[in-house]
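Structure for this input, please:
(2 chains)
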Amino acid sequence: MTDTLSRGLWVYLSTSPLLWLAGTLSVWLGALALARLRPRNPLFNPVLISVVVIAMVLVAGGIRYETYFSGAQFIHFLLGPATVALGVPLYEKLSLVKANLLPMLAALAAGSITAIGSTVLLCHLFGFSPVVTASLAPKSTTAAVAMAISEGLHGDAALTAAVVILTGICGAIIVTPLMNSLGIRDYSARGFAVGLASHGIGTARAYAVDPVAGLFSGLAMGLNAILTALIVHLFL
Amino acid sequence: MPVGITILLAFQLIGEIIAYALQGVVPGPVIGMTLIFLTLSLLKGRLPGFEAATMTTSRVLLANLGVLFVPAGVGIIQHLDLLARRGPALLAVILVSTLATLIVTVFTFLATKRLMGMREHD
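Numbering: from 1, shown residues only, chains lettered A, B, ... in the order given. So this is what the prediction gives:
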């Protein structure tokens, strides 16, 4: 009796947006608490933990991604205004930005070309199809932008979204040990690099490490979104 | 908060309209980002209510940036077949290109700074 009742409830709730919206936020808060327990360990990344936990629940419960996204889309939608919001720290820290303008522009050009060029080159080496290559090419830019670019290149926007997140998590995990092992202590340079390579997830990581790193990471993310949109078609 | 989010959405909307006119060369939110930066710079604090509302909401959004990527990230379950077939190659592309991008970017930044005779920011 209670079994059929709970199964009925599950069938009812699992198809409603409410469960997946509340579930995503709850898992995120849990992952954030877990990440704060180990602030020095980059593997305790809240995005990585949340994605793995939710993906396992969906696969185990046989829930389609579209069903999950019907609820989670309300969070996803905020990526747009959050991208717009990146213009605000740019204004607030204008003097710091002006002082570093040339290093930023040089690093932007070199980094953006490396991000797109190395991805396209490696895709050719591994024999990926043109659709997969086009989907991967903008992977260092923020999700909303990368998906728009991918569609313009006739890539698969859903694949782009997943790869963008993996790239973000990858950069957020390796940046601190990498920069420490290279002996780089300039947080404006460290932040700029992680924002360029790993967009918002790198920026979230940078803000967790140092506020200056966070600012430069946000700048790099915004600038790379613009530059990648302008030059990516030259590589394909 | 309601004023701030309205401002951000309005700038995104203007950005999307311009992006449509430009036939998608630059994505709408990026144009919105550029426009809000230009607007704040031109106003120079002459509309303190506008500036405060925009800053408060932006801070909230940027402080919680990570969670916004979770729904798209879960989309990986649609590509478990690609991951099963080409997982190692896919992860190798991501790892190697991210590593190369981080190294090239950070050293270009520092080299330019040194060429300009600027001190490193510790």
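
the domain parsing of the chain - what is it?
Chain wasn't specified; assuming chain A. Dividing chain A into domains by automatic domain parsing, as the record does, gives the ranges A:1-77, A:81-236.

that answer is for a different chain, and I need it for chain B
Domain assignment for chain B by automatic domain parsing gives B:1-63, B:73-122.

where in the chain is pLDDT low?
No chain in the question, so chain A it is. Across chain A, the ranges flagged by pLDDT under 70 are A:1-2.

Chain B, not that one
Scanning chain B for pLDDT under 70 picks out the ranges B:24-25, B:119-122.

mind checking which helix or strand the residue located most distally from the centre of chain B is in?
The C-alpha centroid of chain B is most remote from residue B:85, which lies 31.4 Å away (CA atoms, centre = their mean). Secondary-structure element containing residue B:85, defined by DSSP states H and E: helix B:80-115.

so how far is that helix off the chain centroid?
Computed by CA atoms, centre = their mean, to the nearest Å, the chain-centroid distance of helix B:80-115 equals 18 Å.

That one - contacts with which helices or strands?
Here helix B:80-115 touches helix A:101-125, helix A:157-181, helix A:187-209, going by 3 or more CB pairs under 8 Å, 6 or more residues apart in numbering or on different chains; DSSP states H and E. (Glycine included, C-beta is placed from N, CA and C.)

Determine which stretch of the ones you listed is the most buried.
For the helices and strands packed on helix B:80-115, the largest average neighbour count (mean count of other CB atoms under 10 Å in any protein chain shown) is found in helix A:187-209, namely a mean of 30.

Alpha carbons only: can I get it in CSV?
Output in CSV follows, covering the C-alpha atoms of helix A:187-209 (Å, rounded to 0.1, in the frame of the first residue of the first chain):
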residue,chain,number,x,y,z
TYR,A,187,47.1,36.6,-9.0
SER,A,188,46.1,38.9,-11.9
ALA,A,189,47.9,36.6,-14.3
ARG,A,190,46.7,33.4,-12.7
GLY,A,191,43.1,34.7,-12.7
PHE,A,192,43.3,35.8,-16.3
ALA,A,193,44.6,32.5,-17.4
VAL,A,194,41.9,30.4,-15.7
GLY,A,195,39.1,32.7,-16.8
LEU,A,196,40.2,32.5,-20.4
ALA,A,197,40.7,28.7,-20.4
SER,A,198,37.8,27.7,-18.1
HIS,A,199,35.2,30.5,-18.2
GLY,A,200,32.7,30.8,-15.3
ILE,A,201,33.7,27.6,-13.5
GLY,A,202,37.3,28.8,-13.5
THR,A,203,36.1,32.2,-12.4
ALA,A,204,34.1,30.7,-9.5
ARG,A,205,37.3,28.9,-8.5
ALA,A,206,39.4,32.1,-8.9
TYR,A,207,37.0,34.0,-6.6
ALA,A,208,37.4,31.2,-4.0
VAL,A,209,41.2,31.6,-4.1
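
Beyond it, next helix or strand please.
Downstream of helix A:187-209, the next assigned helix or strand under DSSP H and E is helix A:211-231.
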